[in-house]
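**Q** fold the following, please.
(2 chains)
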2 protein chains.
Amino acid sequence: MSINVRPYWFDGPQYCAWSRDIFLDMRTGGLSGVHATIAYHENFRETVDRIVEWNRLFALHGDLIARARRPADLEASVASGKVAVILGAQNPSVIEADLGLVEALSDLGLSFMQITYNNQSLLGAGWQESEDSGLTRFGREVVREMNRVGMAIDLSHAGERTAVETIEASKRPVTVSHANPRWFRDTARNASDRVIAALRAHDGLLGLSLYPHHVKDGSDCSIADFAAMVARLAEQIGVARIGLGSDLCQGRPDAAVAWMRDGRWTFTTAANPNGPPVFPRPLSWFASNRDFPAIAEALAAVGFAEGEVAGIMGGNWRRFLEAALTPGRT
Amino acid sequence: MSINVRPYWFDGPQYCAWSRDIFLDMRTGGLSGVHATIAYHENFRETVDRIVEWNRLFALHGDLIARARRPADLEASVASGKVAVILGAQNPSVIEADLGLVEALSDLGLSFMQITYNNQSLLGAGWQESEDSGLTRFGREVVREMNRVGMAIDLSHAGERTAVETIEASKRPVTVSHANPRWFRDTARNASDRVIAALRAHDGLLGLSLYPHHVKDGSDCSIADFAAMVARLAEQIGVARIGLGSDLCQGRPDAAVAWMRDGRWTFTTAANPNGPPVFPRPLSWFASNRDFPAIAEALAAVGFAEGEVAGIMGGNWRRFLEAALTPGRT
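**A** This next block holds a predicted model:
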């Protein structure tokens, strides 16, 4: 498959209150593709329900969006002018304890899966655990199987040791799809220098989060500070390994935050460094899928060349997805 | 996709005790493709387990067999010399009461589904019900959805009215994949003249069963009598609408018959015109996947031309599957 030079903008994950209006916003915002989260704590059967719901969205809004699983689907979408939507799960709860469900979900259309979501999973430790004992026996099997079927491995909510061990165990490039450097906002949810170095060494991709809790100054972060962070990060990881992973939850009610944090694993409100389970006030310059052009402008203003801006805005994701999702590699 | 003239032998459904030895037998027997039953009474989640088991067989025996879902997979298999295996469910229990599971199972690899298995289903009536009230409201939705996603509709175990109404409702050709004309063996399990006429009118396909309970003289049926039946049937339905649907259960224990008949819908042994739930003694000339060449010879001996024999042995299935499984039609 040839990667042409036409700008290709890609963002994700997002967890919006999906609707026709939001799909129209994506087009207005210039996106060619989006990675949509479909599961935070769902088991396999519940995830199938989420996929069935997406299949209905693809049928009802087929003039605006197209389901994408493989790089060829992304390219077809570029040609048709529709927004390609790639589905992902933030928690390996979707495969329960069943290695065979990796391929089953791959066939059902799942393109991304996180190794863990905040807590210890059957695969590895999340960033909120006090101890991280690394990638588990089952985790190593799942990494191998995800590599085999071509499903992208995501480490955004993993602990540092689990993240580094997974990056090293994977035969395909791995992503931290929605986080920022820890030196930009000091939280264990963000990527440490060690994780950034591992991503660089294994040609991974760091998708930059626009969720206020992940950026300097929170909801008051300026677009100039964000762009300056990207410029410094490019020195550290290489400009070709940076993308956008906005974590946008356009239109979701606060109840979604409680579901993300507490799932069904606690009967109380889980302690969280970000306080009560409500959405923070969005950045003034990024509150919807219409707001991507300003980011491209800010990146150009901070000195990135046109090709570099195109890469950060989506070209780098496109190349990463080619490596991560093409069947039959490794 | 071009259909070339190289002989292509296809059989199914089969429900064998799948193993490497049986896959080798398929090759010895000259098969290019097989339709394998994976469910008789399974619900959705159990069907996923069956698919996962098949995915392991495809991985472990990838030198002999290849998973096929679409006509292009069949053609790839012809080129590679592997036996293409197409998966099917004999009971719509696999979609439960959920229309969205048609597409989900299609994506998971299911190519065939019966509208009903012996009993009343949510879609229509089986041949063992005393009343057949035809295709239901949900049944009409499922027919439309199977047409949309390209999943073959199978009516082998349906009642006559349900069968005819389904054939007429479907926008793609429909199959009775494993049965014989009722005039060859008088059982409601076989296809009536009315069903045969409907298949002819809508370009369907009748796959001929080699299960002793479906043929004249049961286990003692001669290959000459079988071939003579095919010759007469060709006049009735058209030679291009005949295939093989052996119903072969190579290596299965008798317990499989009890599962087929009783599932979980009765606590006793269901009354059956064929007596106790045990496998009948196989035909002397058809007991394994090695035994297909003799059938081709018997068809030639009864007067079929070489091209007609090739059609009945699989070319007709190949054309039917092209019409039934190609995405995006109707």
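
**Q** for chain A, which spans come out with low pLDDT?
**A** Scanning chain A for pLDDT under 70 picks out the ranges A:1-6, A:329-330.

**Q** what residues does it put near chain B?
**A** Residues of chain A lying near chain B by C-beta under 8 Å from any C-beta of the partner chain: A:44-45, A:48-49, A:51-53, A:55-56, A:98, A:100-101, A:103-104, A:107-109. To be clear about C-beta, it is placed using only N, CA and C from the backbone, and glycine gets the same treatment.

**Q** of the residues you listed, buried ones?
**A** The neighbour count (16 or more other C-beta atoms under 10 Å in any protein chain shown) marks A:44, A:48-49, A:51-52, A:55, A:100-101, A:103-104, A:107-109 as buried among the residues of chain A next to chain B.

**Q** is it possible to export these to JSON lines including secondary structure?
**A** Output for those, formatted as JSON lines (DSSP: H, G, I helix; E, B strand; the rest coil):
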{"residue": "A:Phe44", "secondary structure": "helix"}
{"residue": "A:Val48", "secondary structure": "helix"}
{"residue": "A:Asp49", "secondary structure": "helix"}
{"residue": "A:Ile51", "secondary structure": "helix"}
{"residue": "A:Val52", "secondary structure": "helix"}
{"residue": "A:Asn55", "secondary structure": "helix"}
{"residue": "A:Gly100", "secondary structure": "helix"}
{"residue": "A:Leu101", "secondary structure": "helix"}
{"residue": "A:Glu103", "secondary structure": "helix"}
{"residue": "A:Ala104", "secondary structure": "helix"}
{"residue": "A:Asp107", "secondary structure": "helix"}
{"residue": "A:Leu108", "secondary structure": "helix"}
{"residue": "A:Gly109", "secondary structure": "coil"}
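
**Q** show me which pair in the residues you listed is furthest apart.
**A** A:Asn55 and A:Gly100 (21.7 Å; C-beta to C-beta).

**Q** and A:Ala97, how many neighbours?
**A** 8 (other C-beta atoms under 10 Å in any protein chain shown).

**Q** in contact with it, which residues?
**A** Counting by C-beta atoms under 8 Å, 6 or more residues apart in numbering or on different chains, A:Ala97 touches A:122, A:138.

**Q** now do the one 3 residues further on
**A** When the contact criterion is C-beta under 8 Å, 6+ apart, the partners of A:Gly100 are B:49, B:52-53, B:55-56.

**Q** and for A:Lys216?
**A** Counting by C-beta under 8 Å, 6+ apart, A:Lys216 has contacts A:184-185, A:225-226, A:229.

**Q** so it versus B:Glu297, what's the distance?
**A** Here A:Lys216 is placed at a distance of 81 Å from B:Glu297 (C-beta to C-beta, to the nearest Å).

**Q** ditto for A:Ala300
**A** For A:Ala300 relative to B:Glu297 (C-beta to C-beta), the value is 75 Å.

**Q** for A:Arg182, same thing?
**A** According to C-beta to C-beta, A:Arg182 and B:Glu297 sit 75 Å apart.

**Q** again with A:Val34
**A** 59 Å.

**Q** give me the more crowded residue out of these two.
**A** A:Val34 (27 against 13).

**Q** which strands or helices does the helix or strand where that one lies pack on?
**A** Assigned by DSSP states H and E, A:Val34 falls within strand A:33-39. Helices and strands touching strand A:33-39, by 3 or more C-beta pairs under 8 Å, 6 or more residues apart in numbering or on different chains; DSSP states H and E, are strand A:10-14, helix A:44-60, strand A:83-89, strand A:110-114.

**Q** any chance of JSON lines for these, columns distance to B:Phe267?
**A** Listed next are those as JSON lines, based on distance: least, C-beta to C-beta, whole Å:
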{"stretch": "strand A:10-14", "distance to B:Phe267": "49"}
{"stretch": "helix A:44-60", "distance to B:Phe267": "27"}
{"stretch": "strand A:83-89", "distance to B:Phe267": "40"}
{"stretch": "strand A:110-114", "distance to B:Phe267": "39"}
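
**Q** which one of the ones you listed lies nearest to A:Gly314?
**A** A:Gly314 lies closest to strand A:10-14 among the helices and strands packed on strand A:33-39, at 3.6 Å (C-beta to C-beta).

**Q** who's in contact with that closest one?
**A** Contacts of strand A:10-14 (C-beta under 8 Å, 6+ apart): A:31-37, A:86, A:88, A:90, A:112, A:177-178, A:207, A:243-250, A:289, A:292, A:313-314, A:317-318.

**Q** how about a cut-off of 6 Å?
**A** A:33-37, A:88, A:177-178, A:244, A:246, A:248, A:314, A:317 (C-beta atoms under 6 Å, 6 or more residues apart in numbering or on different chains).
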